[in-house]
Structure formats: C-alpha cells, structure tokens
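I would like to see how this sequence folds:
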Amino acid sequence: MKKTIYIVIAVIIAAIAVVGYLRFVAGGDEDTWICEKGAWVKHGNPSAAKPTTACPGSGGTTNKGVVKPSENFSQVPLENAFGWLGAGEDGTDMGFIRQSGGGWMRPHPGPAVWDMIQGGEPAEYDFAKMDGLVRLAELYGLNLVITLWPFAEWDQANREDVADCAVSANDEFLPDNNKKGRPSYLPLHRCNPNDWVAYEQFVTAVVDRYDGDGEFDMNDLRYPIKYWEVMNEPDLLGDGSLDFYAQGPAEYAELLKRTYQAVKLADSSASVLIAGAAGADDTFLGFYRAVFNAMPEAKGYFDIANIHCISNDKNTLDFNVGDYKALLDELGINKPIWVTEAEQMGRQGFDQNAEQTQTSVDNAIAAGAQKIFFTRYDFADTRTDMSEKQEPAEGSMDRSMQAYQEIIESVQ
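Numbering: from 1, shown residues only. Purely as a prediction, here's the structure:
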C-alpha cells in the first residue's frame, strides 16, 4: 500500500516539475501577451493591457510581403485606432492594412449602394457582392465601416425634379468612368429617395443582415458590422467630375434623420456616422452649420462626428480635427470624432510625406480624434488626379508599410 502511495506522489511531483519547466523555461517570458494563430494570448500576469495592434497570425504572405487571408486571423480589437479607405475586394488593400497594424477598412464607395443591392421595385435584395466583401474582411480580421448610399435609378426616376438630380456625365464614380477598376459604382441621379418607405426598408434589411443577432444574418457571419455612415461628403461642390449629392443642407438633415432611425430599428446597438465633411474651410463647415440650423434635432441623429482631410486642404497638420472640433463646440455637440479620410501628402517625396503624416496623426489625436483612416497606401504616391489608378514604384509599398507600422506603433 505504501509503495503505491509513493508511486502516486512521485508521479504528482514529476507532473509539477514538467509544468514548471514548460512554463518558466520552455515557455520563455510568461508575463506578457504573445501572438498565437492570429490572436493575442495572455501568458502569466502581464502588467500591460491587451495589445490593440493587429496580431500577424499565420496566414503567410504574398510575394509582395502582404499577408494573405487566413481562417486563423482573429478579429482586430475594436479599440484599434487606425484604418484605410479602400476599394479593393481582392484582398490586396486588406492585407496591407493588417500588416501595417491597422484594424479597420472603409470601402469607398462600398457595396451598400441601394441601386446595387435592389435593382428595381419590387426586386429582391441581392447581397452577393456585399457578402463577398464581408467574408474577405473576416479572413483578415478587419472591422468595417460601411457607407449607406440612398440612390437607386428606378426610385430617382419617379421624382418630379429628377433632371435636377443628375450629376455630370464625367463623374468618376459612374460605371463608364471607372479608371481605377472599382468594384462599386454610384448611379447618375443623386437626390434623396422618392420612396422613403422603400429606402428605409433597404437600410433595415442591410443592417439586419450583418448585425450578428442570429436572425436573418448572412450565413456563417463571424464579425458583425456595427458602424454605418450616412452617405459621403454632401457638402462637396464638385467640379463636374466628383459630386456625391445633388441637394442641400436641409435635405441632408432629413436623410440623416431617416437613415439613423432605420439603422437603429434594425440594430439599436449600432453606431451611425454623419457623412464626413469634405474639409475645414468655410464652405464645407458652413454646410453642416446649415444642416443643424435647418433641423436642430439632427444633432441627435448620429453617434460619431466625421471629418476629412485631403492634401489640398488647409494644411493644418491635424487632419482638420481642430477646426472641426471648434464647429462642434460652437453647436454644442459632444460626439466622438473620426477622421475617415486622412491624407497629408505633398509633392516633395516619400520621406516628407511620411513625416507630415506622423505629425498630423499626433496633432489630430491631441485635438480629439479617436480613429484615423488613411486614404493613400504609398508615401511615394504624388498623383494629382485621384481618379487614376496608382502604379507603385518597385519596393515603395514595402517601405510605406514599414513607415505606417512605425506611425501606428508610436501611438498605439
């Protein structure tokens, strides 16, 4: 009997010794977070919080060094503060974002265009294109901000003023003018819906499909979509090649209200972004001042404020956040601020573009920005005609990825 007890005790001691070896010798430093199969795993009792940067995972890389999609990728934490504007649905943009340490993508214009999902009345909804984008984003573990576009040609045709709703035939988002090979488009006529009920039903159907509540969801949805933007830059007075909206501040206030209510009807936990102001000059910010003058209660019809900064803007080196925050303060609006198009690119070359971007990120965050979405991937990109597709120089994208990694790591 005693012999049996001694054997049991010996086995227990040996087991404890093995566990101790694995933990403290073979396991290395245990008081830290390590990346295992695309997920941050706590080992020991780390003093630092769980990292919000992307965990590289085990998806491998392409021959250009960009990570490939993988079922092993976990979802990047929602707290990650960086993303990119993107149109590529082949995964190239997503791989760059993930490898650079970002966690978000804002497809532009994206697949949630009423005309693309519902081709007529009473046509069924076709979610094939949007499902494909969502599935690919899930393979990279990226979070999505989706823009809701209220335009459908068959609906616009029923407006009495339909002729006034047409944008220029040269508009770069029309299918015939797609020089970049975008997978999405915008229709010719861009006024508020004629049939508000049909539009609101479209919005609730889209949000409901990706809300993750288990009812009417996309099959095998892994990561719900919780952030929805009400159109894009209605304040932009285009030059004939870029007009997102054919109406004014009062009409946008009505669109904001109705879209917000439809989103919340489908998913009360979702967040709604007001359309990003195209810049911080008096014309752009004046449009939003007029929105809230026309409908003061519109201040309650969005959850996240939204500003853009493109390189030809005021050159404030804070992505326009300071001026935009001043407008919100003036109007008594206290909302989180996201910069969903952020760019500070001159024509002096790679190094200066990277340096100015770093400075603008630091200043934007200091001014109150919570998230920043970059528009360009290559710091050597000096295009002035953004409707043209970029052809990066050899090695430039790898250098840019490393530079973005350093920018993001310096903040996160």
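
Which residue, neighbours along the chain excluded, lies closest to the residue nearest the centre of the chain?
With distances taken as C-alpha atoms, centre = their mean, Arg106 lies nearest the centre of the chain, 2.9 Å away. Nearest non-adjacent residue to Arg106, counting by C-beta to C-beta, 6 or more residues apart in numbering: Val145, 4.4 Å away. Glycine gets a C-beta too; all of them are placed from N, C-alpha and C.

Just to be sure, that neighbour is in a strand?
Yes: Val145: assigned to a strand according to DSSP: H, G, I helix; E, B strand; the rest coil.

Which residue ranges of the stretch 101-250 of the chain form helices?
With DSSP state H, counting those that start in this stretch as the criterion, the stretch 101-250 of the chain has helices at 114-117, 128-140, 153-156, 196-209, 249-266.

looking at the ones you listed, which is buried most?
Burial of those is given as mean neighbour count (mean count of other C-beta atoms under 10 Å); helix 114-117 ranks first at a mean of 22.

Chain neighbours aside, what residue packs nearest to Leu142?
Distances taken as C-beta to C-beta, 6+ apart put Met105 closest to Leu142, at 5.1 Å, once the chain neighbours are dropped.

That neighbour and Asp195, how far apart?
Distance, Met105 to Asp195, by C-beta to C-beta, to the nearest Å: 31 Å.

do Asn315 as well
43 Å.

These two: which has the busier surroundings?
Per other C-beta atoms under 10 Å, whichever of Asn315 and Asp195 has more neighbours is Asp195, with 15 against 12.

ok, now which ones touch the residue nearest to Leu186 when sequence neighbours are not counted?
In this structure, Leu186 finds its nearest non-sequential neighbour in Phe173, 4.1 Å apart by C-beta to C-beta, 6+ apart. With contacts defined as C-beta atoms under 8 Å, 6 or more residues apart in numbering, Phe173 is in contact with Pro109, Arg182, Tyr185, Leu186, Leu242, Phe244.

Phe302 and Lys257, how far apart?
Going from Phe302 to Lys257 by C-beta to C-beta gives 10 Å.

and what of Ala298?
Distance of Ala298 to Lys257, given as C-beta to C-beta: 6 Å.

What distance do you get for Leu174 to Ser241?
In terms of C-beta to C-beta, Leu174 sits 10 Å off from Ser241.

what's the answer for Arg222, then?
38 Å.

got it, and Gln156?
20 Å.

now swap in Gln247 and tell me
For Gln247, the distance to Ser241 - C-beta to C-beta - is 19 Å.

Would you mind listing the residues in contact with Lys158?
Actually, residue 158 is Asn rather than Lys. For Asn158, the contacting residues are Asn194, Asp195, by C-beta under 8 Å, 6+ apart.

Give me the distance between it and Val206.
From Asn158 over to Val206 (counting by C-beta to C-beta), the distance is 21 Å.

Ignoring the adjacent residues along the chain, who's closest to Pro107?
The nearest residue in space to Pro107 (C-beta to C-beta, 6+ apart) is Gly86, at 5.8 Å.

Okay, and the beta partners of the residue nearest to Arg106?
Counting by DSSP bridges, Val145 is bridged to Tyr227.

What's the local residue count around it?
Burial of Val145 is recorded as 25 neighbouring residues (other C-beta under 10 Å).

ok now do it, which residues does it touch?
By C-beta under 8 Å, 6+ apart, the neighbours of Val145 are Gly83, Trp104, Met105, Arg106, Tyr227, Trp228, Glu229, Leu273, Thr340, Phe373.

Reformat the residues you listed into JSON lines and put pLDDT next to each item.
Below are the contacts of Val145 laid out as JSON lines (pLDDT from 0 to 100):
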{"residue": "Gly83", "pLDDT": "98"}
{"residue": "Trp104", "pLDDT": "97"}
{"residue": "Met105", "pLDDT": "97"}
{"residue": "Arg106", "pLDDT": "97"}
{"residue": "Tyr227", "pLDDT": "99"}
{"residue": "Trp228", "pLDDT": "99"}
{"residue": "Glu229", "pLDDT": "99"}
{"residue": "Leu273", "pLDDT": "99"}
{"residue": "Thr340", "pLDDT": "98"}
{"residue": "Phe373", "pLDDT": "98"}
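
Between those residues, which sits nearest Gln352?
Phe373 (21.4 Å; C-beta to C-beta).

Neighbouring strands - and their directions - for whichever strand or helix holds that closest one?
Element membership of Phe373, judged by DSSP states H and E, is strand 369-374. On the basis of DSSP bridges, the sheet neighbours of strand 369-374 come out as strand 82-86 (parallel), strand 337-342 (parallel).

Now the ones you listed in JSON lines, please, with extra columns for mean neighbour count.
Below are those laid out as JSON lines (neighbours: other C-beta atoms under 10 Å):
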{"stretch": "strand 82-86", "mean neighbour count": "24"}
{"stretch": "strand 337-342", "mean neighbour count": "26"}
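
Mind putting those into JSON lines with distance to Phe216?
Putting the strands paired with strand 369-374 into JSON lines (distance: least, C-beta to C-beta, whole Å) gives the following:
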{"stretch": "strand 82-86", "distance to Phe216": "27"}
{"stretch": "strand 337-342", "distance to Phe216": "28"}
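
Go through those strands and name the closest to Ile407.
Among these, the nearest to Ile407 by C-beta to C-beta is strand 82-86 (8.3 Å).

Tell me which residues are up against that closest one.
By C-beta under 8 Å, 6+ apart, strand 82-86 touches 93-94, 96-97, 100-108, 142-143, 145, 340-341, 371-375, 377, 408, 411-412.

And stretch 361-374, by the same measure?
By C-beta under 8 Å, 6+ apart, the residues outside stretch 361-374 that reach it are 81-85, 102, 104, 106, 145, 316-319, 321-322, 325, 336-343, 357, 404, 407, 411.

cool, and stretch 197-210?
Here stretch 197-210 has contacts from 112, 114, 117-118, 121, 125, 127, 130, 134, 146, 148, 150, 152, 155, 193, 215-218, 221, 224-225, 228, 258-259, 261-263, 265-267, 270, using C-beta under 8 Å, 6+ apart.
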